[in-house]
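> requesting a structural model of the entry that follows:
(2 chains)
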Amino acid sequence: MIAGMDETPLILRIRWPVRLWHWINALTIFVMLMSGMMIFNAHPRLYWGKFGANFDHAWLEIGNHGPHGYLSLAGKEWPTTGLLGYAQNTALAFPPLVTLPTHYNLSLARGWHFLGAWTLVASLACFLVYALVSGHLRRDLGLSREERRPRALLHDIGQHLRLHLPRGEAARHYNPLQKVAYLGILLVVLPLLIATGLTMSPAVNAACPWLLAILGGRQSARSIHFLCALAVALFILVHLAMVVLAGPFNELRAMITGWYRLPPERKP
Amino acid sequence: MTGFSRRAMLAGSGGLLLSGCDRIVASPTAKSVLSLGEKASRSAQRLVAGNALAPEFSAADISPVFRVNGNTRPTAAAYLAQMERGFADWQLRVDGLVARPLALSMAQLRGLPQRTQITRHDCVEGWSAIAQWTGVPLAALLHAAQPLTQARYAVFHCADDFSGTPYYESIDLTEALHPQTILAHTMNGQPLSVGHGAPLRLRVERQLGYKQAKYVMRVELAATLAGLHGGQGGYWEDHSGYQWWAGI
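This next block holds a predicted model:
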């Protein structure tokens, strides 16, 4: 593997502003997800509409019957003991292993969440300005006319499902599904997370009531906030899986130093 | 192989930072760093919200059941005696840094110009409930009491307590003078129930639930929150580290 790699040249694939943002963002996102799960633990029920509390219908609930955890979704209850609702001898929706702080503390979780939120917004804004001005967005992340064709996207989905990742020259640039995933997170999920996060604030609701109206009311916004966070968590899982499949050493080197070695073509 | 060592360093520091988060925040420096987010939110929200009104709703939006929260039945003998008499002798005091301290009966409060609003109550835990509130704008009481120039906060002293510590909360004068900030005695057209803070509770509509002090006996104007119990400005702020700025 190492010998084969030596045959292809190293290319400068990721410039320093992207790398810097990636690692700041990675850390921030983990703080946000972990503190967010602790905040969710304070009231582990989700609703649609302008209001929602214990006596109103929740479309999602994580809870426990004694030492038995459950997830209730759309009227059905699924046992989740050991994962959600009751795990690590703790009757909380999300277990201590994944929350920040480890033990129930709403105010500290909020402290982390708001510090993280400002960091996330500031670094994302800097990154987006850089990506626009430098051409990174258009050149590296934008899909070409060819790539936008449904047939091409379907083909790429098929390749991914067979775990046939691009090699050689084809690996020089991001592949179409990769671009769709990055753009989706950057331009849809993160902005929606930020917008719904802002509407959690009664002060911002007073300043921008239209934002709440667009999102369908505070409890709908809270549900969308949770679903977007779930989307980010799933993105991270797939992202990490792809790093492992594509060669973790080469991928990590690229994201740390910028230098990437094109994976050699498969031998026929 | 610089990639390896740099990667190891990065992964190591990242792991340390996340797993060590609980220990980090035990130090006062870390606590002040962590509070930067709250400070930034406070400045930004003050800036964008100005004197804007919280959204108001229609009667159709009112929650069928508005759950009670916090203390739902004060245990102090004086309060229970008042309750027996239907709060006929309840008195609201407005004092502290004012030129004219006030003491008002419920009848006097009801005789002042009233404001009715249908607003949403957002608990810090995440739930929301909508109700109609009627009461006296706090601004009217403050104008009558004439706060001194050094007054910066309105502190609410309440009749309920947690294990002997009375409930108290505070807001700054921007929130106190906001037109939707009222001392409510009526909820959904009915006299305030004991569970919801009878006979008088604060509604400060651009702040979270723990600011909505119930069973209000006294409004004290103050220059600082330092001398108030633990010094953080409210019962939950002192007891559980809740952020004093409750705009989010």
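> quick one, strands of chain B?
B:91-96, B:102-105, B:115-122, B:128-137, B:153-162, B:165-172, B:182-187, B:190-191, B:201-203, B:216-222 (DSSP state E).
> what's the neighbour count on the residue nearest to B:G70 when sequence neighbours are not counted?
Spatial nearest neighbour of B:G70, excluding adjacent residues (Cβ to Cβ, 6 or more residues apart in numbering or on different chains): B:K214 at 6.8 Å. Glycine gets a C-beta too; all of them are placed from N, C-alpha and C. Neighbours of B:K214 under the rule other Cβ atoms under 10 Å in any protein chain shown: 27.
> from what I can see B:K214 touches B:S193, true?
No - with contact defined as Cβ atoms under 8 Å, B:K214 does not count as touching B:S193 (10.3 Å).
> so, in contact with chain B or not, the helix or strand hosting A:G36?
Element membership of A:G36, judged by DSSP states H and E, is helix A:16-42. Yes - against chain B, helix A:16-42 shows contacts by Cβ under 8 Å from any Cβ of the partner chain at A:23, A:26-27, A:30-31, A:34, A:39-40, A:42.
> for residue 145, which residues are in contact?
Using chain A here. Under the criterion of Cβ atoms under 8 Å, 6 or more residues apart in numbering or on different chains, A:R145 has no neighbours.
> other chain: chain B
Here B:A145 is in contact with B:94-95, B:98-102, B:221 (Cβ under 8 Å, 6+ apart).
> apart from its neighbours in sequence, what residue is nearest it?
Closest to B:A145 by Cβ to Cβ, 6+ apart is B:V98, at 4.0 Å.
> for the stretch 1-150 of chain A, give me the ranges with low pLDDT.
Scanning the stretch 1-150 of chain A for pLDDT under 70 picks out the ranges A:1-7.
> residues touching the residue nearest to the spatial centre of chain B, list them.
Residue closest to the mean C-alpha point of chain B, counted by Cα atoms, centre = their mean, is B:K211 at 1.2 Å. B:K211 makes contact with B:169, B:171, B:202, B:204, B:234, B:246, according to Cβ under 8 Å, 6+ apart.
> could you redo the last one with a cut-off of 6 Å?
B:169, B:204, B:246 (Cβ atoms under 6 Å, 6 or more residues apart in numbering or on different chains).
> which of these sits closest to A:L192?
Distance to A:L192, by Cβ to Cβ, is smallest for B:A246 among the contacts of B:K211, at 24.6 Å.
> any chance you could map the helices in chain B?
B:2-19, B:21-24, B:28-34, B:36-49, B:77-84, B:106-111, B:138-145, B:173-176, B:235-240 (DSSP state H).
> make JSON lines from those and add distance to B:L183 to it.
Output for the helices of chain B, formatted as JSON lines (distance: least, Cβ to Cβ, whole Å):
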{"stretch": "helix B:2-19", "distance to B:L183": "45"}
{"stretch": "helix B:21-24", "distance to B:L183": "40"}
{"stretch": "helix B:28-34", "distance to B:L183": "34"}
{"stretch": "helix B:36-49", "distance to B:L183": "21"}
{"stretch": "helix B:77-84", "distance to B:L183": "16"}
{"stretch": "helix B:106-111", "distance to B:L183": "7"}
{"stretch": "helix B:138-145", "distance to B:L183": "6"}
{"stretch": "helix B:173-176", "distance to B:L183": "11"}
{"stretch": "helix B:235-240", "distance to B:L183": "18"}
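> show me how far the helix or strand harbouring A:V133 is from its chain's centre.
Here A:V133 is covered by helix A:106-134, with elements defined by DSSP H and E. In this view, helix A:106-134 has its centroid 14 Å away from the chain centroid, taken as Cα atoms, centre = their mean, to the nearest Å.
> for chain A, what spans make up the strands?
Listed in chain order, the strands of chain A (DSSP E) span A:10-12, A:45-46, A:60-65, A:68-73, A:76-79, A:259-261.
> contact partners of the fourth one?
Here strand A:68-73 makes contact (Cβ under 6 Å, 6+ apart) with A:60-63, A:77-81, A:84-86.
> close to chain A: what parts of chain B are there?
Within reach of chain A by Cβ under 6 Å from any Cβ of the partner chain, chain B has these residues: B:3, B:6-7, B:21-22, B:34, B:36-38, B:40-41, B:45, B:48-49, B:52, B:54-55, B:61, B:63, B:65, B:67, B:122, B:125-130, B:206, B:240-242, B:247-248.
> B:I182 reaches B:T134, doesn't it?
No - B:I182 is beyond contact range of B:T134, at 7.8 Å (criterion: Cβ atoms under 6 Å).
> of the two, who's got more company?
Taking other Cβ under 10 Å, B:I182 and B:T134 do not tie; B:I182 has more neighbours (27 against 20).
> pLDDT score for the more buried one?
Among the per-residue scores, B:I182 shows a pLDDT of 98.
> how near is it to chain A?
From B:I182 across to chain A, the span is 15 Å (Cβ to the nearest Cβ, to the nearest Å).
> which ones are touching that residue?
Listed by Cβ under 6 Å, 6+ apart, the contact set of B:I182 reads B:115, B:135, B:137, B:203.
> one more time with 10 Å
Going by Cβ atoms under 10 Å, 6 or more residues apart in numbering or on different chains, B:I182 touches B:114-117, B:119, B:133-141, B:200-205.
> now swap in A:G66 and tell me
Contacts of A:G66 (Cβ under 10 Å, 6+ apart): A:86, A:91.
> go on, B:G241?
Counted by Cβ under 10 Å, 6+ apart, B:G241 has contacts A:105-108, A:110-111, B:31, B:35, B:232.
> roughly how far does the residue nearest to A:G217 when sequence neighbours are not counted sit from A:G69?
Leaving aside its sequence neighbours, A:G217 sits nearest to A:K50 (Cβ to Cβ, 6+ apart; 3.4 Å). In this view, A:K50 and A:G69 are 30 Å apart by Cβ to Cβ, to the nearest Å.
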